[in-house]
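Colleague: Dropping the sequence and predicted coords here.
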Amino acid sequence: MAESTASGQQTARPSLASPSIITNVLGVVASLALTFIGLTAITFVIGRVMPADPVLAIVGDRAGQDVYDQVYRELGLDKPIYVQYLRYLGQLADGDLGTSIMTAQPVMEDILRFFPATLELATIATLLGIFVGVPMGVLAAVNQGRWPDHIVRIVGLFGYSAPVFWLGMVALLIFYAKLDWVAGPGRLDVFYDGVIDPVTGVILIDAALARDWDIFNNAVSHLILPASILGTFTLAYIARMTRSFMLDQLSQEYVLTARVKGASERVVIWRHAFRNVLVQLITIIGLTYASLLEGSVLTETVFAWPGIGQYITNSLFNNDMNAVLGGTIVVGVCFVGINMLSDLLYRLVDPRVR
Amino acid sequence: MATIETGSFRAWLLAETPGSALQARSQSMYLAWRNFSRNPIAMTGLIVIVSLVAVAVLAPWITGSSGLEPKLGDRLQSPSSTHWFGTDELGRDIYDRIIWGSRITLYIVGLVSIIVVPIGLVIGTIAGYVGGVVDSFLMRLTDIFLAFPRLILAMAFVAALGPGLENAVLAIALTTWSPYARIARAEALTIRNREFILAAQVQGVSTLGILTRHVAPLCMSSVIVRLTLDMAGIILTAAGLGFLGLGAQPPTPEWGAMISLGRQYLIDQWWVPTVPGVAILIVSLGFNLLGDGLRDVLDPKSGAS
């Protein structure tokens, strides 16, 4: 956050100083801070109105009243509510999300262990969405109103409308159970579990680092189905947005000029029109990437993918409130952070927004 | 005789100068409908949604059972002429459960709408019309909710309130209202300086009266388009919460919960989890088609995107 402020000010050289860039960046930073305050306030309130007694969860129901009172005071529950909130913010700033009842470990450590799996899934899903969705969108825009456009529109509508958890189950039934083309649920086959060192936690990278290509291939085989399913919505969204951005550009005069000058259709589309779409596309991709980090909850459940979504869901069923709220905050921070970054990028790169 | 009557009714609807407020209103609705009914995508969507409503209303007459009582003798039967979509793990007819489940889907859709639209309209119109500090404050609040991850936050809310259909709806509504406030504000900003508002102010109409009688009604068409487009997402989120076990609880025939219960029978009795999924797909597709079409008709500006 501080970094982006600094770079924002550096790019605005005195001679060219346009105060709007700085105010823009400052505005983004301020709303980022506000959003974090809002997010933590909500998780704090949820933690308070939760019917489960936090003291009881620690001391157990056989402890005496004096022990109960002591823990009550240690947790700061006797203080006014705003003091409790400030204290909560202080803990968060230290990266202290409390201890998980389920795993008996700090929630932060749990999350760091589960997060790479989600990151891996969401990243591959987004890449699939980009590499299939962008060409689809361009194809649709270039053939506006003809059959490629209609096909892309129909595929997009299905991508928007299908329940992702159901799609995942059907895909498992067809490609794993019936056709046996891909590996089943989980990240690796059981006998590969724990073979390589979790350097980054992202199995594809770890396996590549260890030059263990059997594991790498196995991981790909496990990953490809959940990533495709998770990427369906992204693909539909990216294709639709690419189409509408491209249509905007293709109706501009410079495209006509390029055509009149005799530029080939390929050059007009890719070198002229598409280049101007890039900034908008990056913003859109940032937004969908952030939403995938949270959207993976359902996919992870279906594919038994040990990521943050599954961690939150399991904690929820075990009434492990620290873990649920910790996970919510971490996902929320990533979500808000990525959204703001793409917003910032858009403001810095696109001259029309300045 | 009848043709003459419809002919004159048509003429009344298409008259150059409407003679009454009723005629003017009927005319604009008729023209919108003519536009709308020419759009095949929108019509397909409308047919799906109308069928959903019809099925929900007619449920007692088109089902053979309430879909709730177990009949263990009929467990996991494959689709046949007696059980069109087969039976589930407790021997309940899946067709009956799907039909009854349509009521739950409509209930979710209706409940979310009547929570989200008023909140969005109140916050948005006040922010846009009053402006200044009030506007800044309300819009920051809206931005905060807009920036939140929706499903995770809904999960956290449900965790706090306890699982159940109403709590799931409430959680979805709490994370859904913000775009409506944005839309209503944008509309209110453009309406605020128009002459008829000035006229109302001069006549001494109170701010509340202006907001409810003049500003809010004009925001409705954009809000409705957005709501229809959002409906599929709302249905999918509700089904997702049901699938996770956080929404409607068994034996309620909520489609997402049905998929969740049928999950373990996927490989050998594929119809148990597959049929409810198809139902969700059709309904959310219907709303998406309808929303796309409505946007073209009511909001021609954004038709290109």
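Modeller: On my side now, so go ahead. Numbers count the residues shown, from 1 in each chain, chains lettered A, B, ... in the order given.
Colleague: which phi and psi does residue B:19 have?
Modeller: Dihedral angles of residue B:19 (phi, psi; degrees, to the nearest 10) stand at phi -90, psi -20.
Colleague: ok, now how distant is it from chain A?
Modeller: Between residue B:19 and chain A the distance is 41 Å, computed by C-beta to the nearest C-beta, to the nearest Å. C-beta coordinates here come from the backbone N, C-alpha and C atoms, glycine included.
Colleague: Give me the pLDDT value at that residue.
Modeller: With respect to pLDDT, residue B:19 scores 79.
Colleague: Same check on residue B:118?
Modeller: For residue B:118, pLDDT reads 91.
Colleague: Pull the number of nearby residues for it.
Modeller: A count of nearby residues for residue B:118, using other C-beta atoms under 10 Å in any protein chain shown, gives 13.
Colleague: The one 4 residues further on now?
Modeller: Around residue B:122 sit 18 other residues, with neighbours defined as other C-beta under 10 Å.
Colleague: okay, it: pLDDT?
Modeller: Model confidence at residue B:122, expressed as pLDDT, equals 91.
Colleague: Now stretch B:58-65: average pLDDT?
Modeller: pLDDT averaged over stretch B:58-65 gives 84.
Colleague: What residues of that stretch count as buried?
Modeller: For stretch B:58-65, the neighbour count (16 or more other C-beta atoms under 10 Å in any protein chain shown) marks B:59, B:63 as buried.
Colleague: got a list of contacts for that stretch?
Modeller: B:55, B:92-93, B:95-96, B:99-100, B:102-103 (C-beta atoms under 8 Å, 6 or more residues apart in numbering or on different chains).
Colleague: Mind doing that once more with 6 Å?
Modeller: The contact list for stretch B:58-65 (C-beta atoms under 6 Å, 6 or more residues apart in numbering or on different chains) reads B:93, B:96, B:99-100.
Colleague: and residue A:102, that's in a strand?
Modeller: No - with DSSP: H, G, I helix; E, B strand; the rest coil as the criterion, residue A:102 is coil rather than part of a strand.
Colleague: Tell me the residues on the stretch 1-150 of chain B that lie near chain A, please.
Modeller: B:140, B:143-144, B:147, B:149 (C-beta under 6 Å from any C-beta of the partner chain).
Colleague: Just checking, which of the residues you listed comes out lowest on pLDDT?
Modeller: The lowest pLDDT within these belongs to residue B:147, which sits at 69.
Colleague: which of the contacts of stretch B:58-65 lies closest to residue A:70?
Modeller: Lowest distance from residue A:70 to the contacts of stretch B:58-65 (C-beta to C-beta) belongs to residue B:100, with 52.9 Å.
Colleague: Just give me the neighbour total for the closest one.
Modeller: 21.
Colleague: any idea how far it is from residue A:275?
Modeller: According to C-beta to C-beta, to the nearest Å, residue B:100 stands 54 Å off from residue A:275.
Colleague: which ones are touching the closest residue to residue B:240 other than its chain neighbours?
Modeller: Nearest residue to residue B:240, sequence neighbours excluded (C-beta to C-beta, 6 or more residues apart in numbering or on different chains): residue A:298, at 5.2 Å. Contacts of residue A:298 were listed using C-beta under 6 Å, 6+ apart, and they are A:164-165, B:240.
Colleague: Give me the subset of those residues that lies in helices.
Modeller: Among the contacts of residue A:298, the members falling in helices (DSSP state H) are A:164-165, B:240.
Colleague: in chain B, which spans are helices?
Modeller: B:2-14, B:21-37, B:40-62, B:94-130, B:132-146, B:150-161, B:165-174, B:178-192, B:195-202, B:207-210, B:216-243, B:255-262, B:271-298.
Colleague: Name the nearest residue to residue B:235, ignoring sequence neighbours.
Modeller: Once flanking residues are discounted, residue B:235 sits nearest to residue B:284: 5.0 Å by C-beta to C-beta, 6+ apart.
Colleague: For the nearest residue to residue B:79 once chain neighbours are set aside, which residues are in contact?
Modeller: Distances taken as C-beta to C-beta, 6+ apart put residue B:86 closest to residue B:79, at 4.5 Å, once the chain neighbours are dropped. Residues near residue B:86 by C-beta under 6 Å, 6+ apart: B:77-79, B:94, B:271.
Colleague: List only buried entries from those residues.
Modeller: B:77, B:94, B:271.
Colleague: For stretch B:38-49, output the C-alpha coordinates as CSV.
Modeller: Extracted C-alpha coordinates of stretch B:38-49, given in CSV (Å, rounded to 0.1, in the frame of the first residue of the first chain):
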residue,chain,number,x,y,z
ARG,B,38,-39.7,-9.0,-30.6
ASN,B,39,-36.6,-10.1,-28.7
PRO,B,40,-36.4,-13.9,-28.9
ILE,B,41,-33.8,-14.1,-26.1
ALA,B,42,-36.0,-12.1,-23.7
MET,B,43,-39.1,-14.0,-24.6
THR,B,44,-37.4,-17.4,-23.9
GLY,B,45,-36.3,-16.1,-20.5
LEU,B,46,-39.8,-14.8,-19.8
ILE,B,47,-41.4,-18.2,-20.7
VAL,B,48,-39.0,-19.9,-18.3
ILE,B,49,-39.8,-17.6,-15.5
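Colleague: Could you list the low-pLDDT ranges of chain A?
Modeller: Applying pLDDT under 70 to chain A flags residues A:1-21, A:49-54, A:57-58, A:195, A:349-354.
Colleague: Around chain B, which positions in it sit nearby?
Modeller: Residues of chain A lying near chain B (C-beta under 6 Å from any C-beta): A:31, A:34-35, A:38, A:46, A:49-50, A:157, A:160-163, A:165-166, A:169, A:173, A:177, A:244, A:294, A:297-298, A:313, A:316, A:324, A:328, A:331-332, A:335-336.
Colleague: about what we covered before: output the contacts of residue A:298 as JSON lines; include the columns neighbour count.
Modeller: Converted to JSON lines, those look like this (neighbours: other C-beta atoms under 10 Å in any protein chain shown):
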{"residue": "A:164", "neighbour count": "23"}
{"residue": "A:165", "neighbour count": "28"}
{"residue": "B:240", "neighbour count": "28"}
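Colleague: and which of these is nearest residue A:132?
Modeller: Residue A:132 lies nearest to residue A:164 out of the contacts of residue A:298, by C-beta to C-beta, at 16.5 Å.
Colleague: now the closest one, nearest residue through space, not along the chain?
Modeller: Take residue A:164 and drop its neighbours on the chain: the residue closest to it by C-beta to C-beta, 6+ apart is residue A:298, 5.3 Å away.
Colleague: so that neighbour is in which element?
Modeller: Secondary structure from DSSP states H and E places residue A:298 in helix A:275-302.
Colleague: relative to helix B:150-161, how tilted is that helix?
Modeller: For helix A:275-302 against helix B:150-161, the angle by axes from the mean of the first three to the mean of the last three C-alpha atoms, to 10 degrees is 40 degrees.
Colleague: Share the number of residues neighbouring residue A:278, please.
Modeller: Residue A:278: 12 surrounding residues under other C-beta under 10 Å.
Colleague: Just confirm residue B:242 contacts residue B:253, I think it does.
Modeller: No - applying C-beta atoms under 6 Å, one finds residue B:242 not in contact with residue B:253, separated by 10.4 Å.
Colleague: the more surrounded of those two?
Modeller: residue B:242 (31 against 24).
Colleague: Could you find the residue in the stretch 101-250 of chain A that comes nearest to chain B?
Modeller: residue A:166 (3.3 Å; C-beta to the nearest C-beta).
Colleague: so who does that residue touch?
Modeller: B:259, B:277.
Colleague: next one: the one 5 residues further on
Modeller: In this structure, residue A:171 makes contact with A:225, A:229, judged by C-beta under 6 Å, 6+ apart.
Colleague: Correct me if wrong, but it is in a helix.
Modeller: Yes - the assignment for residue A:171 by three-state DSSP puts it in a helix.
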